[in-house]
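K.L.:
structure for the following, please:
(2 chains)
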Amino acid sequence: MAKHAWKEKAIRLLLRVSASTSILIVILIFVFLGKEATPFVVEPGIDELCSTRWMPVSFQKESFGIVPLVTGSLLVTGLATLISVPFGVCAAVYIAEVAAPWEREILKPVIELLAGIPSVVIGFFGLLVLAPLVKLLFGLPSGLTALTGALLLALMAVPTVISISEDAIRSVPESYKSASLALGASKLQTVWKVTVPAALSGIIAAVMLGMGRVIGETMAVMMVTGNAAIITASPLESVRTMTATIAAEMGEVPFGSDHYRALFCVGITLLLATFTINMVAQGVLKKHRIG
Amino acid sequence: MPVVTPEPDLKQLEPKVRVENLNFWYGATQALHGITMDIPARQVTALIGPSGCGKSTFLRTLNRMNDLIDETRLEGKVLIHEEDIYADRVDVVALRKRVGMVFQKSNPFPKTIFDNVAYGPRIHGVRNQEKLAEIVERSLIRAALWDEVKDRLHISALELSGGQQQRLCIARALAVDPEILLMDEPASALDPRSTARIEDLIGELRRLYTIIIVTHNMQQASRVSNVTAFFYEGRLVEYGPTKRIFTQPRKKQTEDYITGRFG
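P.N.:
Numbering: from 1, shown residues only, chains lettered A, B, ... in the order given. Here you go, the predicted structure:
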């Protein structure tokens, strides 16, 4: 009896440790990022971060304004979302509601395969195929633009959007569909007016998770967006994202310099952004399960 | 010798639905065997019988809801106004507009009360807001729900009680102006008071619609219907005026079932 209780306790402890580890890691990441970044906030100060020029290496005056990086990330992420959401949702509707069983058997694994392609490989595809195409289509001097990055990111977000939206659509009760069909609605009317609205919160969560993937993506964007730290709203210009900046500059920066600390500030900004998106997605998903 | 009361002649009532030698299969399993019956207009016809006897399947052949199930097969004819609803060129959408359905478990959409009732008219092309409001009001009045919800048409239908939800589903079915209303055990998930309200409502609606109701509840069948059909193992065993079926059943199986000896 006593031995049993002891064993029980041990197992419980083991499980608790495993479960807490991930929380601990998140906290540690915040702590260490914060430790490296805070000296920058003290000197040269947060105002420097909010300025509009990112010029970390300069003979005259270095500036560490992360605004162009934030806008660059927002532009690429926003565009990628605009492209991937309609596409992903339509594909999910097709797979969940229209496709014959054998089509579903083929489509689902292929889409999941797409989610597993390393981003560097997708980056190659962007460099070799997408960038020349964008250059040709819009008559640009270079195909390395925000749009190219957004298209690539959309490609990477679509599997997530499809697979989670499809789950949401399939979990809409059959009784809603029967009710609609029995009122004389066609199959497509039922899909757009009943099934998709009923699955909406799940679809929104899917979109949020897709965005979370997109905003944190580094390799592919670095390869195809041109990496010019300018503030622009035009998808046909070159931009530099937060992730690409960290990846490109971290290797060569002198340890402990302002530049080094500024990169950590960028990292924290990025972390907060993905954190927020994930929290919102979790919230929406939770509501979805209760409703 | 008991005196046999003269039976009100079903044949004198105007038939709304004529079913001729209907057979139905789920895959290799035959669920309905040679059903032939005329269902009278503007009456309440109850379909009774033990679970799995085919009464719900039969109900669902009348608006072709069984089409949605894979690997089903049907033989025979179902005529509504002498028109075979299984003929090649029949528009299923138009058919379902004429033959409304209320399900066993109330299934309002996760939309507002107004949008639930307006759903049918909207998909059939009614865009005018005044017209929609008028249809919604009329349908809710007919479903005896208007007084309870008229001040809160724009709250979610899911906030209503179970009985109210089922009446909302009835209102939603009425909003497309059907001629026939199919009800698949509409009160089986409700408490006695809500059940009584639904039964009263069926009594009211009989004047306007042809109602066909599947029920497990024998008292309910005897209370709400004028005509009763007893199904057993996919066959129509006995069919006649409700009063006669319940007082002088002619078949032993019918008698055993309504007296509660099986089922």
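
K.L.:
any idea how far chain B is from A:A157?
P.N.:
27 Å (C-beta to the nearest C-beta, to the nearest Å). Heads up, the C-betas are built off the backbone N, CA and C, glycines and all.

K.L.:
residues of chain B that sit close to chain A?
P.N.:
Counting by C-beta under 8 Å from any C-beta of the partner chain, chain B comes close to chain A at B:63, B:65, B:68, B:93-97, B:100-101, B:103, B:105, B:107-111, B:119-120, B:123-124, B:169, B:172-173, B:176.

K.L.:
buried members of those into ChimeraX, please.
P.N.:
To isolate the buried ones among the residues of chain B next to chain A in ChimeraX, judged by 16 or more other C-beta atoms under 10 Å in any protein chain shown, type:
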select /B:63,65,93,95,96,97,100,101,103,107,108,109,110,111,119,120,123,124,169,172,173,176
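
K.L.:
ok, which stretches of chain B are helices?
P.N.:
B:55-61, B:92-98, B:113-123, B:129-142, B:146-149, B:162-174, B:192-205, B:218-224, B:242-247, B:252-258 (DSSP state H).

K.L.:
C-alpha coordinates for the last one, CSV please?
P.N.:
When you say that, I think you mean helix B:252-258. Extracted in CSV, the C-alpha atoms of helix B:252-258 (Å, rounded to 0.1, in the frame of the first residue of the first chain):
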residue,chain,number,x,y,z
LYS,B,252,-52.7,-8.6,-33.9
GLN,B,253,-49.3,-6.8,-34.2
THR,B,254,-51.0,-3.4,-34.0
GLU,B,255,-52.9,-4.4,-31.0
ASP,B,256,-49.9,-5.8,-29.3
TYR,B,257,-47.9,-2.6,-30.0
ILE,B,258,-50.5,-0.1,-28.9
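
K.L.:
pLDDT below threshold where in the stretch 101-250 of chain A?
P.N.:
The stretch 101-250 of chain A contains no residues with pLDDT under 70.

K.L.:
what mean pLDDT does stretch B:81-98 get?
P.N.:
Stretch B:81-98 carries an average pLDDT of 90.

K.L.:
what does that stretch contact?
P.N.:
Under the contact criterion C-beta atoms under 8 Å, 6 or more residues apart in numbering or on different chains, stretch B:81-98 has outside partners A:181-186, B:16, B:18, B:62-64, B:67, B:74, B:77-80, B:120, B:124, B:176-180.

K.L.:
repeat that with 10 Å
P.N.:
Here stretch B:81-98 makes contact (C-beta atoms under 10 Å, 6 or more residues apart in numbering or on different chains) with A:180-187, A:189, B:15-18, B:20, B:22, B:41, B:61-65, B:67, B:74-80, B:99, B:120, B:123-124, B:176-180.

K.L.:
would you mind measuring from the nearest residue to B:N21 once chain neighbours are set aside to chain A?
P.N.:
In space, B:N21 comes closest to B:G76 once its chain neighbours are excluded; the distance is 4.4 Å by C-beta to C-beta, 6 or more residues apart in numbering or on different chains. Plainly put, B:G76 is 22 Å away from chain A if you go by C-beta to the nearest C-beta.

K.L.:
how deep is B:G76 tucked in, by neighbour count?
P.N.:
The local packing of B:G76 (other C-beta atoms under 10 Å in any protein chain shown) involves 17 other residues.

K.L.:
how about the CA coordinates for stretch B:111-123, as CSV?
P.N.:
Output in CSV follows, covering the C-alpha atoms of stretch B:111-123 (Å, rounded to 0.1, in the frame of the first residue of the first chain):
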residue,chain,number,x,y,z
LYS,B,111,-27.7,32.9,-35.7
THR,B,112,-30.3,35.3,-34.3
ILE,B,113,-33.9,34.4,-34.0
PHE,B,114,-34.7,36.7,-36.9
ASP,B,115,-32.0,35.3,-39.1
ASN,B,116,-33.1,31.7,-38.4
VAL,B,117,-36.6,32.3,-39.6
ALA,B,118,-35.5,34.6,-42.5
TYR,B,119,-32.9,32.0,-43.7
GLY,B,120,-35.3,30.1,-45.9
PRO,B,121,-37.0,33.1,-47.6
ARG,B,122,-33.5,34.7,-48.1
ILE,B,123,-32.1,31.7,-49.9
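
K.L.:
which pLDDT does the model give the nearest residue to B:P249 once chain neighbours are set aside?
P.N.:
What sits nearest to B:P249 in space, not counting adjacent residues and going by C-beta to C-beta, 6+ apart, is B:E255, at 4.3 Å. Note for B:E255: predicted pLDDT of 91.

K.L.:
and if you look at B:M183?
P.N.:
pLDDT at B:M183 comes out at 95.

K.L.:
likewise A:L263?
P.N.:
Looking at A:L263, the pLDDT reads 92.

K.L.:
near chain B, anything from the host helix or strand of it?
P.N.:
Secondary structure assigned from DSSP states H and E places A:L263 in helix A:258-290. No. Using C-beta under 10 Å from any C-beta of the partner chain, helix A:258-290 stays clear of chain B, coming no nearer than 11.2 Å.

K.L.:
that helix: which residues count as buried?
P.N.:
A:258-271, A:273, A:277, A:281, A:284-285, A:288.

K.L.:
low-confidence ranges in the stretch 101-250 of chain B?
P.N.:
For the stretch 101-250 of chain B, no range has pLDDT under 70.

K.L.:
how about A:K187, what does it touch?
P.N.:
Counting by C-beta under 10 Å, 6+ apart, A:K187 has contacts A:97-98, A:177, A:180-181, A:195, B:68, B:93.

K.L.:
now do the phi/psi pair for the closest residue to chain B within the stretch 1-150 of chain A.
P.N.:
Nearest to chain B in the stretch 1-150 of chain A, going by C-beta to the nearest C-beta, is A:P101, at a distance of 9.3 Å. Main-chain dihedrals, A:P101, degrees, to the nearest 10: phi -50, psi -40.

K.L.:
that one: neighbour count?
P.N.:
Residues near A:P101, counting by other C-beta under 10 Å, number 7.

K.L.:
and B:E83, by the same measure?
P.N.:
For B:E83, the neighbour count with other C-beta under 10 Å is 10.

K.L.:
B:Q129 too?
P.N.:
The local packing of B:Q129 (other C-beta under 10 Å) involves 9 other residues.
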